[in-house]
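> coordinates only, sequence not included:
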C-alpha cells in the first residue's frame, strides 16, 4: 500500500512532467503545418534540466527506499510503468 508521503512525492514529480508535456504540446501546435519543429536552445536546455532533475529525484528515492526496506527486513515494492 502506498503511503501518503510516497503519494505526495509522486504527485509532485509527475507535475514536472505535466508542465513539460504541455510545453512540448504548445511548441508542436505553434509549428502546425510544418514538418520540422524548431526549439530555442534555452528551451531545449530547460527541457533537459527538467528531465534530469526528475530522473535524479526518482533514482534517489528508489535508493533511499531500498536502503530503508533492507534495514527493516522488507522486500522493496516493484512499480511498473507502462
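That came in fine, so what should we check first? Values in this document were obtained by computation on a predicted structure and should not be read as measured data. Residues are numbered from 1 along each chain as shown.

> burial of residue 13, as a residue count?
Residues lying near residue 13 (other C-beta atoms under 10 Å) number 15. From N, CA and C alone the C-beta is placed, and that goes for glycine too.

> can you verify my assumption that it contacts residue 57?
Yes - using C-beta atoms under 8 Å, residue 13 is in contact with residue 57, at 5.8 Å.

> for the residue located most distally from the centre of the chain, what are phi and psi?
Distance from the centre of the chain peaks at residue 33, with 29.6 Å (C-alpha atoms, centre = their mean). Residue 33 adopts backbone torsions of phi 90, psi -20, taken as degrees, to the nearest 10.

> contacting residues for it?
Not one residue lies near residue 33 by C-beta atoms under 8 Å, 6 or more residues apart in numbering.

> and the helices in this protein?
In the chain, the helices defined using DSSP state H lie at 4-30, 41-72.

> what's the residue most central in space within the chain in contact with, if anything?
Nearest to the centroid of the C-alpha atoms of the chain, with distances taken as C-alpha atoms, centre = their mean, sits residue 54, at 4.2 Å. By C-beta under 8 Å, 6+ apart, residue 54 lies in contact with 13, 16, 17.
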